[in-house]
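[1] what follows is a predicted structure for the sequence shown.
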Amino acid sequence: MISAFFIFNQKGEVLISRLYRTDFKRSIADVFRIQVVSNSDVRSPIITLGSTSFFHVRVNNLYVVCVTKTNANAALVFEFCYRFISIAKSYFGKVDEESVKNNFVLIYELIDEISDYGYPQNSEIDTLKSYITTESVISSAIAAEESSKITTQATGATSWRRGDVKYKKNEAFVDVVETVNLSMSAKGTVLRADVDGHIQMRAYLSGTPECKFGLNDKLVIDKNSQGGASDAVELDDCRFHQCVRLNEFDTSRTISFIPPDGEFELMRYRSTSNVKLPLRVIPTVNEIGTTQVSYNITVKANFGNKLSATNVVLRIPTPLNTTGVDCKVANGKAKYVPAENVVVWKIPRIQGGQECTFSATANLTSTTTRQVWARPPIDVDFEVLMLTASGLIVRFLKVFEKSNYHSIKWVRYLTKASGSYQIRF
């Protein structure tokens, strides 16, 4: 698949270099440095020069680069790059130039283990940590026994989990995290509303437990192939961790799996139907001649009064020739930021059903030639605990283990928006 793997710093210096095949020489790194690192106009993560393709991912001013001459699957190459970054983070924390230089021996061990002749191999962090360790060398008496366990784990049915995991307190934490994307027209029509969600799980369970995870009774996967009720939760583009038994999910909508030890992403999904919008924003913006713009904006929480939205931030655009803004708010604080041509209105908390109002007058400087104001959209950021915009809920979470121990389960929901909740005016 890939013929070479590099890590560059922001100056274009090669920190890590591994050639998997003979169709490239080390000098191919100079081509990437000249064509990409030194060229500020390059924005695409894929650059093809002749028959050579460079795939790169940026992280903390580093370039993680894969090079190939074959017609490789781009999604697979990028997944390999991001998987390498997540493995590196689990070993030495932040991935930056200093940490790469301090751990270059470990990095060479990792890239040789997760890729063989340019083809991705085992990249389960739990498995890698059992035989690539930065700790002291294991004594020879224990090494043979550990080697047997490693072989079983890497080649067995559950390569993502060891069988001898033990905890005093057996707990499972489930976080259903959803990001709402909204684009609303000036007339109040929803142009786009969808949800990107994922289920994050932390499993601190002894032995080899079997977990069963139930979602909504009315759940439709891929609405094009199945008809669902109007109040059903419709999910698109579902993607599961490799530990999930897909045949059981297809028949009973129950996610059955043996979880990896620690934190992992169980499922990722999208929803484009029946999206519940947590906040409703009603803007009224009027231009008064050529010297002033008046703002009256109302924010209403569209959920029950037992819930609340926190860290609410509205970024309200102003014309380029604004000299100052007089703001009046009953909740939170509003401040004009001239460098960004916006008024930032921060509300610490909005209770369900509550309305918050913002009124302001922007004073404009006179210009010789009048330019039409483009009116960029209002951006809204927020977080709402114990609410899902898609309507997805966890009906049950059961843990079965041969020792029949008692386990504690926690489920939390979080709906948020960050730069993707936009209202035009």
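    Thanks, I have the structure now.

[2] where does pLDDT dip in the stretch 301-425 of the chain?
    Within the stretch 301-425 of the chain, the stretches with pLDDT under 70 are 368.

[3] and the chain, by the same measure?
    For the chain (pLDDT under 70), the answer is 134-157, 217-218, 221-231, 368.

[4] regarding it, what is its longest helix?
    helix 74-92 (DSSP state H).

[5] contact partners for Ile378?
    Val281, Pro283, Ile297, Leu314, Arg315, Ile316, Pro317, Gln422, Ile423, Arg424, Phe425 (Cβ atoms under 8 Å, 6 or more residues apart in numbering). All C-beta spots, glycine's among them, are computed from the backbone N, C-alpha and C.

[6] just these: which are in helices?
    Reading helices off the contacts of Ile378, I find no matches (DSSP H).

[7] which of these sits closest to Val190?
    Lowest distance from Val190 to those (Cβ to Cβ) belongs to Ile423, with 10.2 Å.

[8] show me where the stretch 101-250 of the chain has helices.
    104-114, 125-131, 140-155, 246-252 (DSSP state H, counting those that start in this stretch).

[9] all the strands of the stretch 101-250 of the chain, residue numbers only.
    Applying DSSP state E, counting those that start in this stretch to the stretch 101-250 of the chain gives strands spanning 115-116, 119-120, 171-184, 190-204, 210-215, 219-221, 233-240.

[10] possible to save the ones you listed as JSON lines with mean neighbour count and distance to Ser3?
    Shown next, in JSON lines, are the strands of the stretch 101-250 of the chain (neighbours: other Cβ atoms under 10 Å; distance: least, Cβ to Cβ, whole Å):
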{"stretch": "strand 115-116", "mean neighbour count": "16", "distance to Ser3": "11"}
{"stretch": "strand 119-120", "mean neighbour count": "14", "distance to Ser3": "11"}
{"stretch": "strand 171-184", "mean neighbour count": "20", "distance to Ser3": "36"}
{"stretch": "strand 190-204", "mean neighbour count": "18", "distance to Ser3": "33"}
{"stretch": "strand 210-215", "mean neighbour count": "20", "distance to Ser3": "40"}
{"stretch": "strand 219-221", "mean neighbour count": "18", "distance to Ser3": "38"}
{"stretch": "strand 233-240", "mean neighbour count": "17", "distance to Ser3": "28"}
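
[11] can you tell me how far the most centrally placed residue in the chain is from Asp41?
    Nearest residue to the geometric centre of the chain (Cα atoms, centre = their mean): His198, 8.3 Å. As judged by Cβ to Cβ, to the nearest Å, His198 and Asp41 stand 34 Å apart.

[12] okay but Tyr295 is in contact with Thr357, surely?
    No. In this structure, Tyr295 is not within contact of Thr357 by Cβ atoms under 8 Å, at 10.4 Å.

[13] these two: which has the busier surroundings?
    Tyr295 (23 against 14; other Cβ atoms under 10 Å).

[14] report the secondary structure element holding the more buried one.
    Element membership of Tyr295, judged by DSSP states H and E, is strand 292-301.

[15] which other helices and strands does that strand contact?
    strand 279-288, strand 308-317, strand 342-351, strand 355-364 (3 or more Cβ pairs under 8 Å, 6 or more residues apart in numbering; DSSP states H and E).

[16] centre of the chain to it, how far?
    Its chain's C-alpha centre and that of strand 292-301 lie 31 Å apart, by Cα atoms, centre = their mean, to the nearest Å.

[17] quickly list what Val329 is bridged to.
    Phe358 (DSSP bridges).

[18] burial measure for it, as a count.
    Val329 has 17 nearby residues by other Cβ under 10 Å.

[19] gap between it and Lys187?
    26 Å.

[20] and for Asp41?
    From Asp41 to Lys187 the distance is 38 Å (Cβ to Cβ).

[21] try Gln121
    Applying Cβ to Cβ to Gln121 and Lys187 gives a distance of 54 Å.

[22] what about those two, which has more around it?
    The neighbour comparison of Gln121 against Lys187 (other Cβ under 10 Å) goes to Gln121, with 11 against 6.

[23] contacts only, for the more buried one.
    Contacts of Gln121 (Cβ under 8 Å, 6+ apart): Glu113, Ile114, Ser115.

[24] next, the angle strand 355-364 makes with the strand holding Tyr295.
    Orientation check (axes from the mean of the first three to the mean of the last three Cα atoms, to 10 degrees): strand 292-301 against strand 355-364 gives 160 degrees.

[25] now strand 292-301: buried residues?
    Judged by neighbour count (16 or more other Cβ atoms under 10 Å), strand 292-301 contains these buried residues: Val293, Tyr295, Ile297, Val299, Ala301.

[26] what are the contacting residues of that strand?
    Against strand 292-301 from outside (Cβ under 8 Å, 6+ apart): 278-288, 308-309, 312, 314, 316, 318-319, 322, 343, 345, 347, 350-364, 373, 378, 380.

[27] before we move on, what about stretch 348-359?
    279, 294-301, 303-312, 314, 316, 327-332, 334, 345, 347, 382.

[28] just the buried residues from the residues you listed, in PyMOL please.
    Selecting only the buried entries of the contacts of stretch 348-359 in PyMOL, with 16+ other Cβ under 10 Å as the criterion:
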select buried, resi 279+295+297+299+301+303+307+308+309+312+314+316+327+329+331+332+334+345+347+382
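
[29] and Gly289, backbone torsions?
    When read as degrees, to the nearest 10, the backbone of Gly289 gives phi 60, psi -140.

[30] roughly how far does it sit from Ser53?
    Taken as Cβ to Cβ, the span from Gly289 to Ser53 is 56 Å.

[31] repeat for Lys416
    Applying Cβ to Cβ to Lys416 and Ser53 gives a distance of 36 Å.

[32] if I pick Ile132, what's in contact with it?
    Per Cβ under 8 Å, 6+ apart, neighbours of Ile132: Leu106, Glu109, Leu110, Glu113.

[33] how about a cut-off of 6 Å?
    The neighbours of Ile132, taking Cβ atoms under 6 Å, 6 or more residues apart in numbering as the test, are Glu109.

[34] likewise Glu124?
    Ser159, Trp160.

[35] could you redo the last one with a cut-off of 10 Å?
    By Cβ atoms under 10 Å, 6 or more residues apart in numbering, Glu124 lies in contact with 83, 87, 114, 130, 153-154, 158-161, 242-243, 260, 264.

[36] again with Ile282
    Gly188, Asn296, Ile297, Thr298, Val299, Lys300, Glu355, Thr357, Ile423, Phe425.

[37] ok, now Tyr91?
    Neighbours of Tyr91 in contact, by Cβ under 10 Å, 6+ apart: Ser99, Asn103, Leu106, Ile107, Glu109, Leu110, Ile125, Leu128, Lys129, Ile132, Thr133, Thr134.
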